[in-house]
Every structure is written in C-alpha cells, then in structure tokens.
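Undergrad: Could you work out the structure for the sequence below:
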Amino acid sequence: MLRYNFKSAPEIEQMLELGVIENYNSYPNYNYLRKAYSKSFFNIILDKFNPDERVTLHENGWLEISLTYNKEKFNKGATEKLTYYKEELLPKYKISPYRIEYLEKTITYLKKFGKVVLIRVPIDDRMQLIEEQLDKNFNERVLRIANKHNVNYRVYDNKDYIFPDGNHLFKESGKKFTKRLAKDTN
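TA: Model (predicted):
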C-alpha cells in the first residue's frame, strides 16, 4: 500500500485529495471514499446500476471516454472550458516552487528504476496561450530541470490531434499520440 506524507506541502495541497487520504492503491479505496469523495454515496449506487455507456474504467487505470466526433460540439466545449480557465483559474494560479521541488524529487526517485523522460503532451493552441500567460518560460524551466537531472524532455506539437475540451485528447488522437510516444521513447 502506498503511503505519503504531505505534511510539508503547502496548506492548499494538504486540503486536496492527495493530502487528506493515507493510501492510494487499495480497491475499493475506503479511505478515499471516507475522506475525499465529495458526492453522495448514492451516486456510486446509481452509477453502478445506470452507468454512462460512454465511460469505461479499465483495469490498467485508463478512463476511456467514447465520444462521437462532432467538430461544432467539441469547439463549443473547448471554448467554454477555455473561458473558465482564463477568467476563473488563471488569476488564482501561480508557479509553485513546491511542485517544482517535487518534480525534481520524482525524477530522482524514478531514475532508480530506469529511463526517465519528461513529456509535454500536446494541447489545443488556445489552451497553450493560457498556459503561456501563467508561465511564458515553462519549456525553458523544464528543460533546465531535465538537463540538471540528465533526462530527456520532449515537447509535442498539437498538429494532427483533436481536443474535445482544449486539453484532453480525443480517443482516436490519444491512440495516435500513444503510438508516437512509444516509438519516440524506445
């Protein structure tokens, strides 16, 4: 069972899901249900007997969402999400030294087990503009960290991919990107 100590995390981190639960890999995870599940337990029962046919949680953790491609609907959903990110989230967020520190600690930890590659997954151009408002030097910052730890950093462009909401890959695009990533990291 994985256990972490988030006591040194900033206060906001301690209040989020990872900060309030003690284990992360039990099934079912009663600790998560007791301390972090925000909906009514009736939702669990309703979802069990009336599941969304578009959503499949696979044994390996992949949450597959099967949507029918609809350019107009995807554009509308992305526009709404992007507006929310820009107007509601962007003014509240800033670069977290704590997260940068833990990225470096994670790299150091993972290197014990094999090759580590940092990946910047493709996103919609409009979402990238919002990210750049938050941190215009993101790629340079991550590249410095990668160089410091002697690991590769790969940035993927968004051409040939579809994003139903601005930052998640459409299922078919996800398959296409996964094949490219597997080829690039072998």
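Undergrad: So what would you say the end-to-end distance of stretch 76-94 is?
TA: 27 Å (C-alpha to C-alpha, to the nearest Å).
Undergrad: Next one: the residue sitting furthest away from the middle of the chain from K179, what distance?
TA: Here the centre of the chain is the reference, and by C-alpha atoms, centre = their mean the most remote residue is F49, at 28.3 Å. As judged by C-beta to C-beta, to the nearest Å, F49 and K179 stand 36 Å apart. C-beta here means a position set from N, CA and C on the backbone, and glycine is covered the same way.
Undergrad: so after the worst-scoring helix or strand of the chain on mean pLDDT, what's the next helix or strand?
TA: Within the chain, no helix or strand scores below helix 11-15, which has a mean of 69 by mean pLDDT, DSSP states H and E. Sequence order places helix 17-20 as the next helix or strand after helix 11-15, per DSSP states H and E.
Undergrad: mind listing what's buried in that following helix?
TA: The neighbour-count check on helix 17-20 (16 or more other C-beta atoms under 10 Å) flags G19 as buried.
Undergrad: before we move on, what about stretch 124-132?
TA: Those would be 124, 126-128, 130, for stretch 124-132 by 16+ other C-beta under 10 Å.
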